[in-house]
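Undergrad: A predicted structure for the sequence below; I have some questions about it.
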Amino acid sequence: MVHITKDHFSIAQICQSGQCFRLERLEMSETALVEGRVKEQRTKERYALTALGRYLEIEQEGEQLSFACPQEEFDQIWKEYFDLEENYGAIIASIDREDGYLTAAAACGSGVRILRQDLWEIIISFIISQQNNIRRIRKSIDLLCRRYGEERQTADEKVYFNFPTAKALAEVPLEKLYDCGLGYRSRYLHETALSILKGEVSLEAVKTMAYQEAKAELLKLKGVGVKVAECICLFALHKTEAFPIDTHINKVLAQQYPKGFPFDRYKGYEGIVQQYIFYYDLTENARRIAQK
DNA sequence: CATCAGGCGAGAC
DNA sequence: GTCTCGCCTGAT
């Protein structure tokens, strides 16, 4: 077990931000009342992540984080995966105070981080994400892993499933992919798995490329358009200059920035700013629905 | 019953 | 190059 203190890190917000579909909450957050007149809410949350062929439980209470793994594993794998070396406070501080919307968005999602996820898993996950909702995306990915991923267990015998390899996915008959609720995306998954297997696109090569080059290479894959390619660049290759524009971001840009978004001010980390906007819009919508 | 969910590909022009 | 349309499926 590894204990650390970290600001600008919220496992709950990272989970809700919808960049990682295999991070899930284990139990409802408990609320406790602190003595005195002031009502203070204290939450302790537990999450489980399946990634990089491993299973990891994470606990958070305020800025206190616990990772259920040895120190060595944390230092070698999870420190990088969760982007813990990046100073997100400095990024938030750089936001234009005159920009009320962006200031509010960053304050709302100040615990969001851009994870450094597995390239193959992100390619498939974001092909699935197109014209789809987060609940269904999670369901399809879960089915794929259970049916075609390698079954593993932790030291304390918890069973989990790795993300299926390109070879495993390429061998799945099309109708079986439809059975996973993938719809028309089934054909995209099948063809993309074949492309990778045949070496038409080399993932190892893509990992060494600069943003524009990597994006162009990813666009060769069936089912990967501009938006999905930019998501892959951001969430797997950590190209923080990528700024994926989906229906939410598009709506916000039109409503809040009719004269154009100040991309130049945030050069090099546009993607992090994009995540604050995306998360803010998601939570605002969720709040609106909850109020009704 | 229509519309929508973190779009994309193919074909028309 | 830009525009339009059809596409699986479950929730509302």
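TA: That came through fine.
Undergrad: And the pLDDT for the nearest residue to residue A:244 once chain neighbours are set aside?
TA: Here the nearest residue to residue A:244 in space, its sequence neighbours aside, is residue A:230; by CB to CB, 6 or more residues apart in numbering that works out to 4.0 Å. C-betas here are computed from N, CA, C, even on glycine. We have a pLDDT of 98 for residue A:230.
Undergrad: quick one: residue A:230 from DNA strand B, how far?
TA: 8 Å (CB to the nearest atom of the strand, to the nearest Å).
Undergrad: counting contacts, what elements does whatever helix or strand residue A:186 lives in pack onto?
TA: In the assignment (DSSP states H and E), residue A:186 maps to helix A:185-198. Secondary-structure packing of helix A:185-198 (3 or more CB pairs under 8 Å, 6 or more residues apart in numbering; DSSP states H and E): helix A:119-129, helix A:166-170, helix A:174-178.
Undergrad: and those as a markdown table, adding mean pLDDT?
TA: Output for the helices and strands packed on helix A:185-198, formatted as a markdown table (pLDDT from 0 to 100):
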| stretch | mean pLDDT |
| --- | --- |
| helix A:119-129 | 98 |
| helix A:166-170 | 98 |
| helix A:174-178 | 97 |
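Undergrad: which one of these has the most crowded surroundings?
TA: helix A:119-129 (a mean of 24; mean count of other CB atoms under 10 Å).
Undergrad: So which bits of the very next helix or strand once past that one are buried?
TA: Counting by DSSP H and E, the next helix or strand C-terminal to helix A:119-129 is helix A:134-148. Of all the residues in helix A:134-148, those buried under the rule 16 or more other CB atoms under 10 Å are A:137, A:138, A:140, A:141, A:142, A:143, A:144, A:145, A:148.
Undergrad: So which bits of stretch A:7-17 are buried?
TA: Counting neighbours by 16+ other CB under 10 Å, one finds that the buried residues in stretch A:7-17 are A:8, A:9, A:10, A:11, A:12, A:13, A:14, A:15, A:16, A:17.
Undergrad: Show me what the mean pLDDT comes to for it.
TA: The pLDDT scores in stretch A:7-17 average 97.
Undergrad: same thing with stretch A:60-76?
TA: 98.
Undergrad: quick one: contacts of it?
TA: Contact with stretch A:60-76 is made by A:1-7, A:9-12, A:42-45, A:47, A:54, A:56-59, A:78, as judged by CB atoms under 8 Å, 6 or more residues apart in numbering.
Undergrad: for it, how far is the first residue from the last?
TA: End-to-end distance for stretch A:60-76, by CA to CA, to the nearest Å: 21 Å.
Undergrad: so which helix or strand takes in the closest residue to residue A:115 other than its chain neighbours?
TA: Leaving out its chain neighbours, the residue that sits closest to residue A:115 by CB to CB, 6+ apart is residue A:20, at 5.7 Å. Applying DSSP H and E as the criterion places residue A:20 outside every helix and strand.
Undergrad: Let me see the contact set for residue A:20.
TA: Contacts for residue A:20 were tallied using CB under 8 Å, 6+ apart; they are A:14, A:49, A:51, A:115, A:117, A:235.
Undergrad: cool, residue A:132 as well?
TA: Per CB under 8 Å, 6+ apart, neighbours of residue A:132: residue A:185.
Undergrad: where does the stretch 151-292 of chain A dip in pLDDT?
TA: A:292 (pLDDT under 70).
Undergrad: Contacts (any at all) between DNA strand C and the longest helix seen in chain A?
TA: In chain A, assigned by DSSP state H, the helix with the most residues is helix A:270-291. No - using CB under 7 Å from any atom of the strand, helix A:270-291 never reaches DNA strand C; the gap is at least 8.0 Å.
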